[in-house]
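Enquirer: can't give you the sequence, but here's the structure:
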């Protein structure tokens, strides 16, 4: 197991190297001067442009810039935000728990809905329920996530007033609350602050549903296909012949065996979750990494943009690693 | 055991259905429905100047009037007719989606053919680069590209075009590997045809149907990405009508209960991407009937 993890981490290096290189190409080499893009639209003198260029180290040869850029990433130095003057990594780490909390909750919703839907469709293959699920999947695939979020907001926050419009807590509680880990639900639990826990959960519901429902189509479609395959297997017939309760056959035997490919593909599609999180954070003013990226673009904070992109790349590689490492837990046959 | 041949009496209705080609239509209902939706929306968008009751950029009614006679989708804060804006609002997304698909299809297919046909170190490097790009969220990549290039239609085309290159690359490459092993390719090589000639005359053409079948899905995806970019403010400056941008504009008035500014542009985005999605499924069935029940 230890050797496998080591080998797997070693394999991450070239992929990461390529990813950060692609980002470097986009940020520095593509047509369109980053400095002009950053200062664009304003009347700036050539001196200001030169000064900006010098401060960002963009006046040096590209190869030198590239080596320095790689060196910085390896040292964990993501530069200093031009807007706040604080280290970009520090600012990202403050916002990351918010994104992760949203992503985990969204993933939870996606799996619950997707597996339930997939199960329903697979056990009633080619009947009305199955067709309804497939139709719903087509609709989910086509739905702009930000639109869905806005519609939920309109119904549940504006019309019914059941749930808050956005943010992680209301302003007063936000000011009083002292987070430990940055995961508000967890923090409130740790501090036994039940009022804040309720608030944090209420704020999390709509964003998590927005993100989860749109992704549940993917989970549902995959689980239907995999379950249909698995249900034809001999061991399912054996289990049924032994007289195992049908519910146990489905949830214990079939689902467990169908899970590996589902988790693999969903893990590979983790990028979708991140893209969805950026939009969900925008709709629900959720102070996460996605909002940080957009605000940095708005303020033309070049080091922060670059840092966020590299951060996301690192995060996705890490998730892919974790997905790989969950296999032996789900499937005891897989040994490293 | 041989499968018993099913012999059933053929009714007149069935003959009629067969004669009218309706059975084929029923078998390919996804293709028919998806195609019709796409055709109607594209036509409405192209003819928006004639079909739309009002100009999309001029004040014609009351401020923020709810949907009703005269303004079937209501009016916005600048007293413009939402229906007219929605009809005109498809121009930018559809054009961006079409043009960006041309870029990603062209570049992705070319790189995929070369990579799959040549193999070796070039293939390995290209695969790694494309896989790395593929693992990164397309929307975030597009946001960063547009942020660097600046907002605008052409820049959106470039950004979205770039992010879908890996999709076509992977498909073109895997198809090329399949075709490369075929006998006619062997024959072409044996006859002394150059590698370029073999690739472009005997390998590449056979990969085109599969590539085209995917196009419909990526167009749907590109429309959603364009909508997201426009929603985030990277699209064309106002007052150009654009579904994504109009949703962003309507967001400000949602809290006051003016739902129609957001609901209708979004409904059109869903409609057109459902259309392209169904078209894609239908094309897949048509090109590869074996996959029909696996999807």
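Expert: Right, received. Where do you want to start? If you're wondering where the values come from, they're calculated on a predicted model, not measured in any experiment.

Enquirer: quick one: low-confidence ranges for the stretch 1-150 of chain A?
Expert: Within the stretch 1-150 of chain A, the segments meeting pLDDT under 70 span A:1, A:29-44.

Enquirer: if you set the cut-off to 90 instead, what comes out?
Expert: A:1-85, A:115-143 (pLDDT under 90).

Enquirer: in it, which spans are helices?
Expert: Counting by DSSP state H, counting those that start in this stretch, the segments of the stretch 1-150 of chain A that form helices are A:2-24, A:34-39, A:46-55, A:62-74, A:88-123, A:128-142, A:145-152.

Enquirer: Output those in a markdown table, with mean neighbour count and distance to chain B appended to each entry.
Expert: Backbone N, C-alpha and C define where each C-beta goes, glycine included. Below are the helices of the stretch 1-150 of chain A laid out as a markdown table (neighbours: other CB atoms under 10 Å in any protein chain shown; distance: least, CB to the nearest CB, whole Å):
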| stretch | mean neighbour count | distance to chain B |
| --- | --- | --- |
| helix A:2-24 | 15 | 4 |
| helix A:34-39 | 20 | 5 |
| helix A:46-55 | 13 | 15 |
| helix A:62-74 | 14 | 15 |
| helix A:88-123 | 20 | 12 |
| helix A:128-142 | 17 | 4 |
| helix A:145-152 | 24 | 4 |
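
Enquirer: will you turn these into CSV that also has distance to residue B:30?
Expert: CSV is the format used below for the helices of the stretch 1-150 of chain A (distance: least, CB to CB, whole Å):
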stretch, distance to residue B:30
helix A:2-24, 36
helix A:34-39, 43
helix A:46-55, 53
helix A:62-74, 46
helix A:88-123, 17
helix A:128-142, 9
helix A:145-152, 23
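
Enquirer: For residue 143, give me its contacts.
Expert: No chain specified, so I'll use chain A. By CB atoms under 8 Å, 6 or more residues apart in numbering or on different chains, the contact set of residue A:143 is A:214, B:270.

Enquirer: you looked at the wrong chain, it should be chain B
Expert: A:278, A:293-294, A:297, B:159, B:229, B:232, B:234.

Enquirer: before we move on, what about residue A:17?
Expert: Shown in contact with residue A:17 (CB under 8 Å, 6+ apart): residue A:70.

Enquirer: about what we covered before: and the contacts of residue B:143, which is the shakiest by pLDDT?
Expert: The lowest pLDDT within the contacts of residue B:143 belongs to residue A:297, with 85.

Enquirer: wait, isn't that one in contact with residue A:308?
Expert: No. Counting by CB atoms under 8 Å, residue A:297 does not reach residue A:308; the two are 9.3 Å apart.

Enquirer: Geometric centre of the chain: which residue is closest?
Expert: In the absence of a named chain, chain A is used. Nearest residue to the geometric centre of chain A (CA atoms, centre = their mean): residue A:274, 3.2 Å.

Enquirer: other chain: chain B
Expert: Centroid-nearest residue in chain B: residue B:219, 1.2 Å away (criterion: CA atoms, centre = their mean).

Enquirer: Would you confirm that it belongs to a helix?
Expert: Yes. Membership of residue B:219 in a helix is supported by DSSP: H, G, I helix; E, B strand; the rest coil.

Enquirer: Quick one: classify residue 256 as helix, strand or coil.
Expert: Reading this off chain A. Three-state assignment for residue A:256 (three-state DSSP): helix.

Enquirer: wait, chain B
Expert: coil.

Enquirer: per-residue confidence at it?
Expert: pLDDT for residue B:256: 82.

Enquirer: Return the distance of it relative to chain A.
Expert: 8 Å (CB to the nearest CB, to the nearest Å).

Enquirer: residues near that residue, how many?
Expert: 9 (other CB atoms under 10 Å in any protein chain shown).

Enquirer: Phi, psi for it please.
Expert: phi -90, psi 0 (degrees, to the nearest 10).

Enquirer: still on that earlier bit, against chain B - does the helix or strand where the residue nearest to the centre of chain A lies have any residue that ends up touching it?
Expert: Counting by DSSP states H and E, the element that carries residue A:274 is helix A:270-283. Yes. Between helix A:270-283 and chain B, judged by CB under 8 Å from any CB of the partner chain, the touching residues are A:271-272, A:274-275, A:278-279, A:282-283.

Enquirer: Need the per-residue pLDDT for residue 237.
Expert: No chain was given, so I picked chain A. On the pLDDT scale, residue A:237 is placed at 86.

Enquirer: was after chain B, sorry
Expert: Residue B:237 carries a pLDDT value of 83.

Enquirer: list the contacts for it?
Expert: By CB under 8 Å, 6+ apart, residue B:237 lies in contact with residue B:151.

Enquirer: what residues does the stretch 201-336 of chain A put near chain B?
Expert: Taking CB under 8 Å from any CB as the criterion, the neighbours of chain B within the stretch 201-336 of chain A are A:225, A:268, A:271-272, A:274-275, A:278-279, A:282-283, A:293-294, A:297, A:305, A:309, A:312-313, A:316-317, A:320.

Enquirer: If any of those are buried, put those into a PyMOL selection.
Expert: Applying 16 or more other CB atoms under 10 Å in any protein chain shown to these, the buried members can be selected in PyMOL as follows:
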select buried, chain A and resi 225+271+272+274+275+278+279+282+283+293+294+297+305+309+312+313+316+317+320
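
Enquirer: And for the closest residue to residue B:282 other than its chain neighbours, the neighbour number?
Expert: Counting by CB to CB, 6 or more residues apart in numbering or on different chains, residue B:282 lies nearest to residue B:31, which is 2.8 Å off, once chain neighbours are set aside. The number of residues packed near residue B:31 is 21, by other CB under 10 Å.
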